[in-house]
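Chemist: Need a 3D model of the sequence below.
(one chain, ligands or ions: 1)
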Amino acid sequence: MHGAEEAAEGPRVSAASTQTDSMTGQMPRLSKVNLFTLFSLWMELFPSTEQQKKSQVKKSGLVVVKNMKIVGLHCSSTDLHAGQIALIKHGSRLKNCDLYFSRKPCSTCLKMIVNAGVNRISYWPADPEISLQNEASSPMTTDDAKLDAKAVERLKSNSRARVCVLLQPLGCSMVQFVEETSTKFDFIQKIVKSQPDSNTDFYTACRQERIKEYESLFLISSEEMHKKTLMTIGLENLCENPYFSNLRQNMKDLVLVLATVAASVPVFGCFGFYNGESQRTNETDHQSLPQEIARHCMIQARLLAYRTEDHKTGVGAIIWAEEKSRGCDGTGAMYFVGCGYNAFPVGSEYADFPHMDDKQKDREIRKFRYIIHAEQNALTFRCREIKPDERSMIFVTKCPCDECVPLIKGAGIKQIYAGDVDAGKKKADISYMKFGEVEGVSKFTWQLNPLHTNALEFHDSTTRENGVQKTKSLDDQQHQSKKLCLGHY
Ligand SMILES: Nc1ccn([C@H]2C[C@H](O)[C@@H](COP(=O)(O)OP(=O)(O)OP(=O)(O)O)O2)c(=O)n1
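Modeler: Below you'll find the predicted structure:
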C-alpha cells in the first residue's frame with residue numbers, strides 16, 4: 001500500500017515536500033521534515049538519570065507534529081516506550097498528527113497510535129525500537145524482534161495512516177554552512193577568547209567525538225547489515241541502488257549536521273549556563289537546570305535557527321516548562337511548550353518585505369520592523385499555556401532584544417538561557433539594553449562557572465526532581481571535557 005510507495009520515495013525529495021523555500025537561495029535552509037527528523041534523533045539523547053538497562057527495546061525519541069508545528073517532544077523512559085508516552089500525553093489529540101520516531105516503533109505502540117487516527121508515522125530507517133542489532137540478544141529474542149517487525153508491517157498495510165521513511169536531501173552546501181556557522185557561534189567564540197592560544201581546535205575535536213558517537217548510535221556501519229535490517233522491517237524497496245546509497249548518504253549528512261550543531265554548545269571545561277549575578281536563592285523558579293539539560297535544549301534552539309528567513313542572522317528559541325512532579329515521560333518533569341525561529345510574517349513571500357540590515361542607509365528598506373523574532377514566534381505558536389506556578393524557561397541562541405525581554409517577562413517565563421555577546425549593545429534598529437536590567441526573570445548565560453574557583457561549593461550543587469542526575473562535580477566536568485577535548489582543556 002502507500003506505506004511502501006512512500007518508503008521508496010524516502011531518499012529523494014518527496015512530492016509532499018515541505019521545503020518552504022521562500023528565500024532566494026542566499027543560504028541553505030533546513031526543511032521542516034529534516035528538522036523534525038533531527039529533533040527525533042536528538043530527543044533519543046535527552047539526558048536522563050534512569051539507568052538504561054541492556055535490553056532488546058532501544059530508547060527512542062519522538063516528535064509530535066500538528067499542522068507542521070511541533071506539539072510534543074518525548075523520549076522513552078525505563079517503563080514506557082515513546083509511542084506509549086505520546087498516547088498518555090496527547091490521547092485523541094493525536095488525530096491527524098504526524099509522528100517522527102528515531103526508530104521504527106514496535107507493534108504495541110503502533111496499534112494504539114494508528115487507532116488514535118494519526119496521519120503519518122515517519123521513522124529513521126536504521127535499527128528499530130525492538131532491536132535487530134543487539135549482539136547480546138539470544139536467537140529467541142531475535143525471533144521475537146522479527147515477529148514484531150512482521151506485525152508492524154501488517155498493522156501498517158491495514159491502516160489509514162501512512163507509515164513511512166521521510167528524509168529529504170539536505171541542500172548541497174548545508175553541511176558546510178552548518179560547520180562554518182557553528183565555529184562562528186557565540187558560544188564557541190567565547191571559549192576561543194578565553195584560550196591563550198585562541199583557536200578552534202577544541203571545537204574540531206569535540207565535533208569528531210560527537211560524529212563518532214552519533215554514527216555508532218544512528219547508523220549501521222556495514223552496508224550488508226543495513227540492507228538486512230531494512231529487509232526485515234519491510235523496506236526492501238530501499239535496498240536497491242540508487243535508493244540505498246542515496247538513503248545512506250542522506251542519513252550520514254543528517255548525523256553530521258546533528259553532531260556539528262551539538263558540538264557548538266560543547267561540554268568544555270567550566271563553561272556552562274550560569275547566572276553572572278551570582279544571586280543564590282532557594283526559590284526553585286530561579287535555580288538553574290542541570291547543565292546537561294540546558295545544553296540539550298540550547299542545541300534544539302540551535303537546530304531551529306537553521307530554519308531562519310533572515311539571510312544574515314539565524315536565531316532559534318524553544319520554551320520548556322517543568323511540572324511539579326516527575327511524569328511518565330523520559331524527559332522527567334520537563335515538557336515542551338513552544339518553539340520558533342526568526343522569520344517574516346506567516347505566509348509572506350520573499351519580496352513582500354525588505355531584507356536589508358543596518359548597513360543600509362535608507363532605514364525604510366531595513367528588515368527590522370518586519371521580521372518576527374525567534375522568541376516571538378515561540379510564544380505565538382506555543383501549544384501549551386505558561387503556568388504561573390511552574391518553572392518555565394526559554395532557550396535562545398542570541399541575546400533577547402529590547403522588544404522581546406518584556407514579552408518574555410510578561411508571559412511569565414521564569415528563566416532565560418542565552419548568549420550575552422550582544423547584551424548592552426544599542427544598534428540603529430535593534431537594541432539589547434533591557435536584558436541586563438530585567439528583574440524577576442533569572443538569566444543564565446554561557447560563561448565560565450563563576451564559582452569554579454570554589455570546587456567545594458560546586459560539589460554541593462543540586463539534585464533535582466526532573467529526572468536528571470546531580471550536577472556533576474567540577475572534577476567530573478574537567479575530566480569529561482579533557483576526554484572530549486583531547487587535551488585541549
Ligand atoms: N534574541 C533575538 C535577537 C535577534 N533576533 C533576530 C531579529 C533579526 O532577524 C536578527 C537581528 O540580529 P542582529 O542584532 O545580529 O542584527 P543583524 O542581523 O543586522 O546583524 P549585525 O547588526 O550584528 O551585523 O535577529 C531574534 O530573533 N531573537
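Chemist: ok, which stretches of the chain are strands?
Modeler: Assigned by DSSP state E, the chain shows strands spanning 61-66, 69-75, 98-101, 120-123, 162-164, 271-274, 316-322, 334-341, 391-396, 415-418, 442-448.
Chemist: Which one, of those strands, ends up nearest to the ligand?
Modeler: Comparison of the strands of the chain against the ligand by C-beta to the nearest ligand atom identifies strand 391-396 as nearest, at 4.9 Å. (Each C-beta comes from the backbone N, C-alpha and C, glycine too.)
Chemist: what comes up buried for that closest one?
Modeler: For strand 391-396, burial by neighbour count (16 or more other C-beta atoms under 10 Å) applies to 391-396.
Chemist: about what we covered before: could I get the strands of the chain as JSON lines with distance to the ligand and mean pLDDT?
Modeler: JSON lines is the format used below for those (distance: least, C-beta to the nearest ligand atom, whole Å; pLDDT from 0 to 100):
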{"stretch": "strand 61-66", "distance to the ligand": "22", "mean pLDDT": "98"}
{"stretch": "strand 69-75", "distance to the ligand": "17", "mean pLDDT": "98"}
{"stretch": "strand 98-101", "distance to the ligand": "25", "mean pLDDT": "98"}
{"stretch": "strand 120-123", "distance to the ligand": "28", "mean pLDDT": "97"}
{"stretch": "strand 162-164", "distance to the ligand": "33", "mean pLDDT": "94"}
{"stretch": "strand 271-274", "distance to the ligand": "16", "mean pLDDT": "96"}
{"stretch": "strand 316-322", "distance to the ligand": "7", "mean pLDDT": "98"}
{"stretch": "strand 334-341", "distance to the ligand": "7", "mean pLDDT": "98"}
{"stretch": "strand 391-396", "distance to the ligand": "5", "mean pLDDT": "98"}
{"stretch": "strand 415-418", "distance to the ligand": "7", "mean pLDDT": "98"}
{"stretch": "strand 442-448", "distance to the ligand": "12", "mean pLDDT": "96"}
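Chemist: and of those strands, who's closest to Lys227?
Modeler: strand 120-123 (17.1 Å; C-beta to C-beta).
Chemist: Which strands or helices does that closest one pack on?
Modeler: Judged by 3 or more C-beta pairs under 8 Å, 6 or more residues apart in numbering; DSSP states H and E, strand 120-123 is in contact with helix 32-44, strand 98-101, helix 107-115, strand 162-164.
Chemist: Give the pairing partners of that strand; include direction for each.
Modeler: If you go by DSSP bridges, strand 120-123 pairs up with strand 98-101 (parallel), strand 162-164 (parallel).
Chemist: CA atoms only: put the longest one into PDB for me.
Modeler: This means strand 98-101. Output of strand 98-101 as PDB, limited to C-alpha atoms (Å, rounded to 0.1, in the frame of the first residue of the first chain):
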ATOM      1  CA  ASP A  98       2.400  13.400  12.100                       C
ATOM      2  CA  LEU A  99       4.800  11.500  14.300                       C
ATOM      3  CA  TYR A 100       8.600  11.400  13.800                       C
ATOM      4  CA  PHE A 101      10.300   8.500  15.500                       C
END
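Chemist: give the contact list for the residue nearest to the spatial centre of the chain.
Modeler: The centroid of the chain falls nearest to Gln300 when counting by C-alpha atoms, centre = their mean (3.2 Å). For Gln300, the contacting residues are 39, 42, 73, 316, 318, 339, 395, by C-beta atoms under 8 Å, 6 or more residues apart in numbering.
Chemist: so where's the stretch 51-200 of the chain shaky on pLDDT?
Modeler: Applying pLDDT under 70 to the stretch 51-200 of the chain flags the ranges 134-140.
Chemist: Neighbours of whichever residue of the stretch 101-250 of the chain sits closest to the ligand, how many?
Modeler: Nearest residue of the stretch 101-250 of the chain to the ligand: Asp186, at 10.3 Å (C-beta to the nearest ligand atom). By other C-beta atoms under 10 Å, 18 other residues sit near Asp186.
Chemist: how much space between the nearest residue to it once chain neighbours are set aside and the ligand?
Modeler: Spatial nearest neighbour of Asp186, chain neighbours left out: Gly419 (4.0 Å); criterion: C-beta to C-beta, 6 or more residues apart in numbering. Distance, Gly419 to the ligand, using C-beta to the nearest ligand atom, to the nearest Å: 9 Å.
Chemist: now do Glu375
Modeler: Distance from Glu375 to the ligand, by C-beta to the nearest ligand atom: 6 Å.
Chemist: Check the contact between that residue and Ile408; I expect there is one.
Modeler: Yes: counting by C-beta atoms under 8 Å, Ile408 is a contact partner of Glu375 at 6.1 Å.
Chemist: Give me the common contacts of the two.
Modeler: Common contact partners of Glu375 and Ile408 (C-beta under 8 Å, 6+ apart): 394, 400.
Chemist: hmm, back to that, can you name the residues that contact the residue of the stretch 101-250 of the chain closest to the ligand?
Modeler: Contacts of Asp186 were listed using C-beta under 8 Å, 6+ apart, and they are 397-398, 419, 421, 446.
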